[in-house]
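A.B. asks: Quick one: sequence and predicted model below, then my questions.
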2 protein chains.
Amino acid sequence: MDLRRKGNQTVVFANPPVILASYAVVGPKEGQGPLGKTFSNVWKDQLNGEKSWELAESKMLQEALQGSIDQSGLAKEQIDFLLAGDLLNQIVSSNLAARQIALPFIGVYGACSTMALSLALGSMLIDGGFAQNVLIGVSSHHDTAERQFRLPTEQGSQRAMSAQWTVTGAGSVLLGKQGAGPRITAATLGRVIDYGETDANNMGAAMAPAVADTILNHFQDLQRKAQDYDLIASGDLGTVGLALAAEVLKQSGLEMGTGFTDCGVRIFDASQDVHAGASGCACSAVVFAGELMQKLKAGELKRVMLVGSGALHSPTSAMQGESIPGIGHAVVIEA
Amino acid sequence: MDLRRKGNQTVVFANPPVILASYAVVGPKEGQGPLGKTFSNVWKDQLNGEKSWELAESKMLQEALQGSIDQSGLAKEQIDFLLAGDLLNQIVSSNLAARQIALPFIGVYGACSTMALSLALGSMLIDGGFAQNVLIGVSSHHDTAERQFRLPTEQGSQRAMSAQWTVTGAGSVLLGKQGAGPRITAATLGRVIDYGETDANNMGAAMAPAVADTILNHFQDLQRKAQDYDLIASGDLGTVGLALAAEVLKQSGLEMGTGFTDCGVRIFDASQDVHAGASGCACSAVVFAGELMQKLKAGELKRVMLVGSGALHSPTSAMQGESIPGIGHAVVIEA
């Protein structure tokens, strides 16, 4: 077994890539939430002058990508690859942003786990010797997601209590081979797990077993336990999914303790009427690029695991009666 | 600059990964074409007993993935990652196949360039020391693509002469660190290029400039020319796009010669009424996993460049008036 590979699903970086910069931009509702002050920018409305929500989402992603480039002080030509993904059909927000940024482009799809998946992949490209710097960005938008995955927003349908609110936002990270900043030290790529959940208004339940599976495998592969981390944050399980994941892990003999949280639980508060919490590619991306990066840089957090959670269904597969496959991808970040 | 990186967009593998196995499965129309005998299996109809075209597509992908595993003689547990992608919304064919295969899963989206993109990524994961073996698979299906991207097939609309026929099929490749077989020696990841084509019935024209850009950058990065290759095959430019790409390259001073071909031109013949040729993720995948692999293994071809071509639009972006962003990803395979 190669030195960079541990156990069944985990890779450990020989020269852990550095997070040189990060940028989070969100919509007004996210800006009003408890993490409002941790974001780089808050848009005043959902369109910001664009003629469609879809174009607005892509512009948010472009802003996040450019924000990280500017913050790093690197010239665009020093960046080897752009990794990006989103929830829209054919990841078109990312494609349009990649057209603008004009870097060698690797399109990724992991649903709402895309930030963690891209951090893992980007780290492998750098540690493997194929890149000096890799730019990563993901986005989601409440209104583009609603009309693509659910119902026309104009219809004003009542939402289920287990439903989550797709975050309007984009998060980006610029990874480098050299420099100062928190480092990505390991990653555990997830398997697709499906316990048969068919309710597309209960994504948390669909993704919880996959997140639990990845955490279990991560601990096994590296001989670690929950207490080895200051914080373990799943991507967007929401309140329903987070409780279920903790329960699944408990039944496997793992007490996760108070350091187990979820980005989708942190981003809105109870007064914001989002029901089971937040979701979307941007959910874990903006919490990571904002709050978690600030606490890592300030030394408040020393070792964090981000476990991106993804529901890998499509509206077509759901309508055809398929259950919702889930996935969890974990990356370890150390100050 | 790192040893594994050459010029602006190219990576060169220190220990070129080996293609241990490959498998191509197609639908009946593809089986009747000139490459019919090069495929591992030809389905008798578009459904093969499944209740929807979408499930049939995913089953094709599962067959291709399992076919490569079986051919390699490896146990599934010896494979570190599955890389897969397709054209369906949320790459759901791949997600359902990944659920079945249950390996750590990296979802990729490069539209019809996904096979080349995955070969490049998989090779980096192996050469970078993160994997011993990587399984790759992509799929497309004429009927799932028609109803998602175009019009209900039942409507029987007349097709434009520049339109291409989406291949029903799936191709897979099993890459290994060690073993016997053709090797992937280099890859050039493409940038998104958009010359403003808005006609979704003329994808070849939309993708041709991106393919030309990647070929030009590849030659520049490695100081090579067309004559250094026995064959340069674009993914699915079709007759219209292939001629345009050759013209763009000619205007840049490059004569591509007779070794420049396109998988989308090879797969059907004139009698099959497909107009400008074939397209789809499976197009380059089944030509590569079938005909090209056979010729590489037989020594008829010594050095081949596959340039996957992708049209990175979505039906929504097209309806909103956006032009079609194109991309080309190149991999070099040597016997």
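C.D. replies: On my side now, so go ahead.
A.B. asks: show me what contacts A:Leu119?
C.D. replies: Counting by Cβ atoms under 8 Å, 6 or more residues apart in numbering or on different chains, A:Leu119 makes contact with A:Ile136, A:Val173, A:Leu175, A:Ile184, A:Ala187, A:Leu306, A:Val331. (Glycine included, C-beta is placed from N, CA and C.)
A.B. asks: Also A:Val274?
C.D. replies: Counting by Cβ under 8 Å, 6+ apart, A:Val274 touches A:Gln164, A:Trp165, A:Phe268.
A.B. asks: In strands only, show me the contacts of A:Leu119.
C.D. replies: Among the contacts of A:Leu119, the residues falling in strands (DSSP state E) are A:Ile136, A:Val173, A:Leu175, A:Ile184, A:Ala187, A:Leu306, A:Val331.
A.B. asks: In the stretch 51-200 of chain A, which residue sits closest to chain B?
C.D. replies: In the stretch 51-200 of chain A, the residue that lies nearest chain B is A:Gly128 (2.1 Å; Cβ to the nearest Cβ).
A.B. asks: so what's that residue up against?
C.D. replies: B:Arg4, B:Met124, B:Leu125, B:Asp127, B:Gly128, B:Gly129, B:Phe130.
A.B. asks: Distance from the strand or helix carrying A:Gln148 to the middle of the chain?
C.D. replies: Per DSSP states H and E: A:Gln148 is located in helix A:142-149. In terms of Cα atoms, centre = their mean, to the nearest Å, the centre of helix A:142-149 is set 18 Å apart from its chain centre.
A.B. asks: name the helices or strands packed onto that helix?
C.D. replies: Identification of packing neighbours for helix A:142-149 by 3 or more Cβ pairs under 8 Å, 6 or more residues apart in numbering or on different chains; DSSP states H and E yields helix A:53-72, strand A:165-166.
A.B. asks: Deepest-packed of those, please.
C.D. replies: When you average the neighbours per residue for each of those (mean count of other Cβ atoms under 10 Å in any protein chain shown), strand A:165-166 leads with a mean of 26.
A.B. asks: is any part of it close to chain B?
C.D. replies: No. Using Cβ under 8 Å from any Cβ of the partner chain, strand A:165-166 stays clear of chain B, coming no nearer than 14.1 Å.
A.B. asks: Now do that strand, average pLDDT.
C.D. replies: What strand A:165-166 shows for mean pLDDT is 96.
A.B. asks: Need phi/psi at A:Pro325.
C.D. replies: phi -70, psi 140 (degrees, to the nearest 10).
A.B. asks: tally of neighbours for it?
C.D. replies: With neighbours defined by other Cβ atoms under 10 Å in any protein chain shown, the count for A:Pro325 comes to 27.
A.B. asks: where does it land on pLDDT?
C.D. replies: 97.
A.B. asks: sorry, back to before: emit the PyMOL select command for whichever of the ones in strands among the contacts of A:Leu119 are buried.
C.D. replies: Here is the PyMOL command that selects the buried residues among the ones in strands among the contacts of A:Leu119 (16 or more other Cβ atoms under 10 Å in any protein chain shown):
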select buried, chain A and resi 136+173+175+184+187+306+331
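A.B. asks: Can I get the ones in strands among the contacts of A:Leu119 in a markdown table including pLDDT and distance to chain B?
C.D. replies: Below are the ones in strands among the contacts of A:Leu119 laid out as a markdown table (pLDDT from 0 to 100; distance: Cβ to the nearest Cβ, whole Å):
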| residue | pLDDT | distance to chain B |
| --- | --- | --- |
| A:Ile136 | 98 | 14 |
| A:Val173 | 98 | 18 |
| A:Leu175 | 98 | 14 |
| A:Ile184 | 98 | 13 |
| A:Ala187 | 98 | 9 |
| A:Leu306 | 98 | 17 |
| A:Val331 | 98 | 13 |
